[in-house]
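Q: predicted coordinates and the sequence they were generated for:
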Amino acid sequence: METGYDYVAGLPVTLMNGIWFIMSCLLGLAYLVNHVIKPDERNWLGILAKYLMQYGKAKPVPQPTDVPKRFFVHFYILAVIYNLVCLVTLFGLCQNWWSHNWIANVFFLHDTNQQTGDQLSVIMVMVLLTIHTSKRLYECLFVSVFSKNAKMTPIHYLWGFVYYLLIPPTLIAECLPLHKLPNGSFQVRHYIAIVGFCIASYIHHNSHVILANLRKKGGCKQDSHGIPQKGMFEYVSCPHYFAEVLIYLFTAIIIFPQCHSWLALLAYNTVVHANMAMISHAWYKETFSSYPPKRKAFFPHLL
């Protein structure tokens, strides 16, 4: 088996890092085109940029090929099952119960001569990811009220599956073989990360509850929208996107010393959620004349 990766800017050259980099650049450029360059919408560049960035309430003209936004639930059904299988696989590899690492084989990973980290951190992050996707599945099934008019493109739909498939191999890319890692012990960063993860998860869940209650209790019909109030909505238009990035940030605190690739995933999540937040923020301001003028899009008091 090969040993060692080639490194670029401190990150190993892997399939996942290549995809995170390409997608971050692609979405960043799409936002730049849509909101800074603003080409003619009949221009191929303008059409492509809008196609990549618009979905849900910000997608004004659904296309026949679009799929309902409520199909988000499909991502989380896959992610929960997949994460549980990966969790069992990684735990077994750490304990040396089996030697076959199907995750490494599928995603072209190999043992590295720069192996770092500990088993506790790997398993802890995998557990937190499984908790997060399970929470999202619960929210999609029992909390969120999706508009029948909210759509997403087939590209958004397919990318949702690919995204969750890429996360576990990103986690272990620099840690193989797992059974040779030290067991590890709880450090201060682990406690900070767990507390931060719980706070971010509460903000994330509470934001979805507030959005759902606009239609359940707030007088908005299923296919209409209102101005969300309370919680972190007093500060930003999309606190659920802000909290999602925080969740990945706190998992990064756990795993970063041994997995620099997690920074590529964190960068992607920051780019995509900041973009979506700014698009939603612009939509709110255009739709509601009474929208709070001091409310930011994504990051309280700043962005």
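A: Received the coordinates, thanks. Residues are numbered from 1 along each chain as shown.
Q: in terms of helix, strand or coil, where does L78 fall?
A: What DSSP: H, G, I helix; E, B strand; the rest coil gives for L78 is helix.
Q: pull the contacting residues for the most centrally placed residue in the chain.
A: Note on the chain: the residue nearest the mean C-alpha position is N269, at 5.1 Å, using C-alpha atoms, centre = their mean. Residues in contact with N269, defined by C-beta atoms under 8 Å, 6 or more residues apart in numbering, are E244, V245, Y248. The way it works is simple: take the backbone N, C-alpha and C, and place the C-beta from them, glycine included.
Q: what strand or helix carries the last one?
A: This points to Y248. helix 239-255 (DSSP states H and E).
Q: buried ones in that helix?
A: Neighbour-count burial for helix 239-255 flags 239-255 (criterion: 16 or more other C-beta atoms under 10 Å).
Q: what's that helix packed up against?
A: helix 119-142, helix 188-216, helix 261-287 (3 or more C-beta pairs under 8 Å, 6 or more residues apart in numbering; DSSP states H and E).
Q: switch those helices over to a markdown table; also include mean pLDDT and distance to S224.
A: A markdown table is the format used below for these (pLDDT from 0 to 100; distance: least, C-beta to C-beta, whole Å):
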| stretch | mean pLDDT | distance to S224 |
| --- | --- | --- |
| helix 119-142 | 97 | 20 |
| helix 188-216 | 95 | 8 |
| helix 261-287 | 91 | 10 |
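Q: what's the closest of those helices to D6?
A: Checking the helices and strands packed on helix 239-255 against D6 by C-beta to C-beta gives helix 261-287 as the closest, at 13.2 Å.
Q: what angle separates the closest one from helix 239-255?
A: 170 degrees (axes from the mean of the first three to the mean of the last three C-alpha atoms, to 10 degrees).
Q: how distant is helix 261-287 from the center of its chain?
A: 10 Å (C-alpha atoms, centre = their mean, to the nearest Å).
Q: tell me the buried residues in that helix?
A: 261-266, 268-281, 283-284.
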